[in-house]
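**Q** Following is a predicted model, sequence given first.
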Amino acid sequence: MSLNMLILFALAGAGLYYICPARARWLLLLALSYAFYAYHGLSALPFLLLTTLSTWAGALLIGRIGAKSKSELKEKRALLTAEEKKRLKAAAKSRQRALLLAVLLVNFGALGVFKYADPLLDTLFRATGAARESGLNLLLPLGISFYTFQSAGYLLDVYNGKLLPERNPLRFALFVSFFPQLIQGPIARYDQLAQQLTEPHRFDLTRMQHGLLLMLWGFFKKKVIADRALPLVAEVFGNQSAYGGAAIMTAVLFYSLQQYADFSGGIDLVTGIAQLYGVRLAPNFKRPYFAVSLGDFWRRWHISLGAWMRDYVFYPFALAKPVAALSRAAKKRFGAGVSRALPAALGNILVFTLVGVWHGAQMGFILWGLYNGLVLAASALLDPAYRRFDERHAGLVKSRGFHLLRVLRTFLVVNIGWYFDRCERAGDAFAMLARSVTDLRAAQLADSAVLARLGLTGRDWGILLIATLILFAVSLAQERGVKVRDWVLARPLPVRWLLLLTFILFVLGTHVISGAGTDSFMYAVF
């Protein structure tokens with residue numbers, strides 16, 4: 001489905017939603033979601049159903065085991081000793097844990113086969129020197145990573161007693177399949193989303209305006225910025241040996257811009273679509289390139305994945321008994337500071353290694369994850385030193401110049417990581433990093449033949465510059481607390497329409513003249 005078709009589908013669906021009887025609207029939303037998914041390939045539908053039904057049934061059984069255990073304890077409270085009560089609880093927990101692991105294994109196993117079977121077989125064949133005639137050619141089902149993680153979060157919350165299991169399979173199916181977020185998230189929590197999906201929302205003109213504005217802003221980021229930056233990135237990273245450090249660093253900066261505009265633009269678009277139906281999705285971006293540290297960056301970028309990893313991987317790992325024992329041992333040898341920081345340091349390495357693997361089995365992704373994890377681990381271990389510096393130089397730390405320095409430092413650290421993220425092979429990433437400091441060949445950026453190969457016309461460069469400045473200005477205003485959308489809607493009607501029409505003409509005009517780009521989103525492949 002093209003981007004234009006997605007927008008038309010969402011608008012037509014919203015029209016049907018508000019003329020449908022209120023009590024049946026959530027069922028229409030479920031039908032729309034499955035129609036959307038089926039359009040992208042009927043062959044992928046069984047995997048969505050597998051995740052939905054296995055998670056729904058597994059959570060229901062986990063809940064019943066827990067309820068039965070509590071009932072038995074209540075009935076036999078006076079007859080059981082403390083040890084017998086403990087054994088009864090442990091037996092119930094053991095059965096719940098077995099169910100949890102079985103459902104997780106089924107769903108993450110399916111995800112693993114689709115994402116990693118081909119790359120791992122390629123690696124195996126290369127290592128053995130054997131010829132491989134053809135790959136498995138497994139097509140990754142749309143949104144499988146997102147709905148698998150979302151369903152797993154729900155199951156874990158039921159297992160941990162934070163949620164009661166949903167008894168209605170259709171209501172749960174809507175939570176898993178809600179079509180806007182199938183494309184690239186965000187990864188929603190059941191207690192934040194499920195009730196919104198089944199409420200019979202009434203038509204609200206203000207909310208519709210907000211949703212349409214957000215869709216327009218996402219379309220602008222995706223089509224005018226991300227897709228226009230794509231040819232240069234693809235050319236330089238695809239033929240990296242032909243370019244010197246100056247062109248490589250330009251490509252990395254363009255990739256930084258492309259990735260942010262594509263992913264956050266897609267999130268804005270789907271968030272706006274969800275608002276058409278009265279649904280508020282969790283925020284997934286908060287101007288990450290204004291971050292003052294790498295930790296701050298990852299609290300602003302793909303927020304829902306970071307929160308998922310924090311709650312279901314980082315905390316359970318950092319609070320595990322073996323890690324606590326290691327922390328106590330470190331205290332005796334290295335002191336209290338290292339002891340306190342060690343669980344966080346090891347947890348960050350684990351989390352970002354998993355995030356790298358989540359992106360794909362290629363070594364570039366894994367090294368990118370390790371790089372981020374190691375930098376964050378070092379930051380955790382050095383945190384006491386940072387705090388002492390902040391206390392001793394409070395005036396400097398609070399100054400605008402120092403704040404800008406921290407933002408630029410973080411931007412540099414993040415962009416070094418993008419070398420590994422964009423290169424499939426680790427050797428290419430290291431070679432490009434080396435040439436970025438030892439072989440600039442700056443004259444290439446003034447060579448008309450080289451510039452022609454980069455795939456951007458003079459008009460494209462101009463449009464990209466103007467669009468990036470607009471994005472920066474809006475982001476800076478938002479970072480300073482200005483609610484730009486509300487500011488626009490608060491203008492007098494003629495001014496409001498002038499601003500909106502100017503922006504719409506710019507977006508549509510630049511899109512039509514060049515026809516640049518692709519209808520797919522970068523993160524739709526994960």
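**A** Structure received. Only a predicted model underlies this, so the values are computations on that prediction, with no experimental measurement involved.
**Q** And the strands in the stretch 201-350 of the chain?
**A** Ranges of strands in the stretch 201-350 of the chain, per DSSP state E, counting those that start in this stretch: none exist.
**Q** Where does the prediction get shaky in this protein?
**A** Applying pLDDT under 70 to the chain flags residues 1, 123-139, 512-526.
**Q** Identify, by residue count, the longest helix of it.
**A** helix 82-128 (DSSP state H).
**Q** what packs against the next helix or strand after that one?
**A** Going down the chain from helix 82-128, the next helix or strand is helix 144-159, by DSSP states H and E. The contact analysis (3 or more C-beta pairs under 8 Å, 6 or more residues apart in numbering; DSSP states H and E) places helix 144-159 against helix 45-75, helix 82-128, helix 169-177, helix 179-182, helix 190-198, helix 303-309. Where you see a C-beta, it was placed from the backbone N, CA and C, and this is true even at glycine.
**Q** need the helices for the stretch 301-450 of the chain, in chain order.
**A** With helices called from DSSP state H, counting those that start in this stretch, the stretch 301-450 of the chain shows them at 303-309, 315-318, 321-334, 336-359, 363-392, 394-397, 400-422, 426-438, 448-453.
**Q** Give me the angle between the longest helix of the chain and helix 336-359.
**A** For helix 82-128 against helix 336-359, the angle by axes from the mean of the first three to the mean of the last three C-alpha atoms, to 10 degrees is 60 degrees.
**Q** and the gap between S436 and M363?
**A** Using C-beta to C-beta, to the nearest Å, S436 is found at 19 Å from M363.
**Q** same check, this time on L370
**A** For L370, the distance to M363 (C-beta to C-beta) stands at 10 Å.
**Q** F9 now?
**A** Here the criterion is C-beta to C-beta. By it, F9 lies 38 Å from M363.
**Q** could I get the helices of the stretch 301-450 of the chain as a markdown table with distance to A229 and mean neighbour count?
**A** Shown next, in a markdown table, are the helices of the stretch 301-450 of the chain (distance: least, C-beta to C-beta, whole Å; neighbours: other C-beta atoms under 10 Å):
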| stretch | distance to A229 | mean neighbour count |
| --- | --- | --- |
| helix 303-309 | 23 | 21 |
| helix 315-318 | 37 | 15 |
| helix 321-334 | 42 | 12 |
| helix 336-359 | 20 | 19 |
| helix 363-392 | 19 | 17 |
| helix 394-397 | 34 | 11 |
| helix 400-422 | 12 | 16 |
| helix 426-438 | 17 | 16 |
| helix 448-453 | 15 | 12 |
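**Q** Show which residue of this structure lies farthest from the average position.
**A** Each residue of the chain has a distance to the centre, and by C-alpha atoms, centre = their mean the biggest one is for L79: 51.4 Å.
**Q** I'd like the secondary structure assignment at that residue, please.
**A** At L79 the chain is in coil, as set by DSSP: H, G, I helix; E, B strand; the rest coil.
**Q** tell me the phi and psi of it?
**A** Main-chain torsions, L79, degrees, to the nearest 10: phi -90, psi -20.
**Q** ok so, going back, which one of the helices and strands packed on helix 144-159 lies closest to S241?
**A** Closest of the helices and strands packed on helix 144-159 to S241 is helix 82-128, at 19.9 Å (criterion: C-beta to C-beta).
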